[in-house]
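In: no sequence for this one, just the structure:
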DNA sequence: TTGGTCCATATGTCCGGACAAATCGTTGAC
DNA sequence: GTCAACGATTTGTCCGGACATATGGACCAA
């Protein structure tokens, strides 16, 4: 399989390897390069693009790391089967559902400042009793409640307001304010609904609930968000793709 | 912070960059290089090791990809805070628990061959009705039941026998037979226990259960295992680390 | 037919060098 | 005293080349 239109712009500030990788990724996602097809070998590709082999290798390696391509020595580089392609790995539930077309809405029930209890303090790596921002929301999809979400954030990280939270979601607001969560530790469990939770979510008491707690960290290692969420198991599952490296 | 003892063996078949990366990883995990400490710059490191800068960069890049180091232009390369280090991402539950010291045991309840129902056929990408291997196990930890596990595999992939399964676990047997799952898609949900499940797991009827279904794929994209597992939520949670890239 | 050897091919590893760009502390002008 | 400009430091990108090694097919011999 020959490679489709790929060209580079040397006057662009975008690194050459990234230009190549982006165009290859587009070609793969649009199936211009169908699953299983072979790329030209690195030497030819480099010559055709007027680049060096290391640069082309960097572009290919970038896509290999992201699971779009596989390299086999002596054989070549192929587009992986679409079934095993990896999705984005750190998104908020809002993004998840938005992408799936379920059109969720969020209602902020509480937005204030409290003293960190031991659990929150440990998660955010602050001293117990430190003032932190507390956020309680209810997520709805298709007009019915889906999840109860409680978050705690360090004070001073950013200014939150209710309309923006309801319109954009917490993660988008974080990113718009220059806070880029890049890593999160999550624990997923289950329990039965208390009477209060059942009422809030429209489930029967004793219904199964999915629980998720998460601590998100910025590139610097600073904890930026602690969340304790509860989902209706009848309407939600976590889907994830795991990779062995 | 200066770098500890790192040396390379040019007569070894192990790539130089990998030798360096492994030794750095050991130093990081043993806290010889504590979190936050800075590595020497790439030029000095290369000169000290008698390697070129690209080789040293490859070693560092390897560890950056794995979340052990962060690079910042103009600043240097630092060991990330241990709280945010990423664990291995594709292991079986057996590995998980074994590492945590809970010493699990497994009992095989059924190992036979059946016709694939539509769900199994879809997961393994075979035609419905194709003969597949069925495996049902119960996992115990600390003498009490923990999970019911049902797996389906393509026939002919490997020969399974009960003693080996109970001693080593499915994933280890797969790897020993040259089948290397490198990617899995999982869905995690919850539901309440049926009377039969409750009895098998030692829970009350209506107790919350965690459910996990998984399809694992080999490097080639071939589906190698479909699993539908049920865990006692009172004794198990899924812990995972997500990464934004 | 079967098995092993050889060879072309493609990726894997490594080198040495060059310049670009981000960061941060210092210096100097106002 | 404040702030902007500068410069040292360090990683980011890119080049051109060399040799190593795994793969798979073709060829040849038993």
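Out: Everything's here; your move. What you see is a predicted model; the values in this text were computed from it and never measured.

In: Point me to the helix or strand that includes residue A:71.
Out: Element membership of residue A:71 [criterion: DSSP states H and E] is strand A:69-72.

In: same check, this time on residue A:63
Out: Per DSSP H and E: helix A:53-65 holds residue A:63.

In: Same check on residue A:227?
Out: strand A:223-232.

In: Just checking: what are the partner strands of that strand?
Out: The strands beside strand A:223-232 in its sheet (DSSP bridges) come out as strand A:144-154 (antiparallel), strand A:208-218 (antiparallel).

In: near DNA strand C, which residues of chain A?
Out: A:13, A:39, A:41-43, A:53-54, A:57, A:71-77 (CB under 7 Å from any atom of the strand). Heads up, the C-betas are built off the backbone N, CA and C, glycines and all.

In: Grab the two from these that are most spread out in space.
Out: In terms of CB to CB, the residues of chain A next to DNA strand C reach their longest pairwise distance at A:13 and A:74, which sit 36.8 Å apart.

In: For chain A, just list every one of the helices.
Out: Along chain A, counting by DSSP state H, helices occupy A:16-29, A:42-49, A:53-65, A:93-100, A:118-124, A:162-168, A:170-176, A:195-201.

In: which of the ones you listed has the lowest average pLDDT?
Out: Lowest mean pLDDT within the helices of chain A: helix A:93-100, a mean of 47.

In: ok so, going back, so which of the strands paired with strand A:223-232 is the most surrounded?
Out: strand A:208-218 (a mean of 23; mean count of other CB atoms under 10 Å in any protein chain shown).

In: What's the mean pLDDT across that one?
Out: 89.

In: still on that earlier bit, which residues touch the strand holding residue A:71?
Out: A:24, A:28, A:39, A:60, A:63-64, A:77-80, B:219 (CB atoms under 8 Å, 6 or more residues apart in numbering or on different chains).

In: hmm, 7 Å instead?
Out: A:60, A:63-64, A:77-80, B:219 (CB atoms under 7 Å, 6 or more residues apart in numbering or on different chains).

In: So it, near DNA strand D or not?
Out: Yes - with CB under 7 Å from any atom of the strand as the criterion, DNA strand D is reached by strand A:69-72 at residue A:72.

In: Buried residues of that strand, list them for me.
Out: A:69-70 (16 or more other CB atoms under 10 Å in any protein chain shown).

In: Give me every residue in chain A lying close to DNA strand D.
Out: A:15-18, A:50-55, A:58, A:72-75.

In: Show the backbone phi and psi for whatever residue of chain A ends up closest to DNA strand C.
Out: Using CB to the nearest atom of the strand, the single residue of chain A nearest to DNA strand C is residue A:41, 3.2 Å away. Main-chain torsions, residue A:41, degrees, to the nearest 10: phi -70, psi 160.

In: what sits against it?
Out: residue A:76.

In: How much space separates the residue in chain A sticking out farthest from the centre from residue A:69?
Out: Largest separation from the mean C-alpha position in chain A: residue A:47, at 36.3 Å (CA atoms, centre = their mean). Separation of residue A:47 from residue A:69 (CB to CB, to the nearest Å): 19 Å.

In: List the contacts of residue A:162.
Out: A:108, A:111.

In: And for residue A:80, nearest residue in space, chain neighbours not counted?
Out: residue A:70 (5.4 Å; CB to CB, 6 or more residues apart in numbering or on different chains).

In: ok, what's across the strand from the one you found?
Out: residue A:78.

In: and the gap between the residue lying closest to residue A:10 once chain neighbours are set aside and residue B:28?
Out: Spatially, and ignoring its direct neighbours in sequence, residue A:10 is nearest to residue A:16 (7.1 Å; CB to CB, 6+ apart). Going from residue A:16 to residue B:28 by CB to CB gives 32 Å.

In: same thing with residue A:195?
Out: Taking CB to CB, one finds residue A:195 at 48 Å from residue B:28.

In: Show me which of the two is the more surrounded one.
Out: Between residue A:195 and residue B:28, counting by other CB atoms under 10 Å in any protein chain shown, residue B:28 is the more crowded of the two (21 against 10).

In: who's in contact with that one?
Out: Per CB under 7 Å, 6+ apart, neighbours of residue B:28: B:68, B:79.

In: and the gap between the spatially closest residue to residue A:77 that is not a sequence neighbour and residue A:67?
Out: Nearest-residue entry for residue A:77: residue A:39, 4.4 Å, with adjacent residues in sequence omitted and distances by CB to CB, 6+ apart. Applying CB to CB, the value for residue A:39 to residue A:67 is 15 Å.

In: Would you mind telling me which of those two has the busier surroundings?
Out: A direct count of neighbours by other CB under 10 Å for residue A:39 and residue A:67 places residue A:39 higher, at 23 against 16.

In: gap between that one and residue A:11?
Out: 26 Å.

In: Tell me the residues on chain A that lie near chain B, please.
Out: Counting by CB under 7 Å from any CB of the partner chain, chain A comes close to chain B at A:65, A:70, A:80-81, A:83-84, A:89-90, A:181-192, A:206, A:208-210, A:217, A:219, A:221, A:233, A:237-244.
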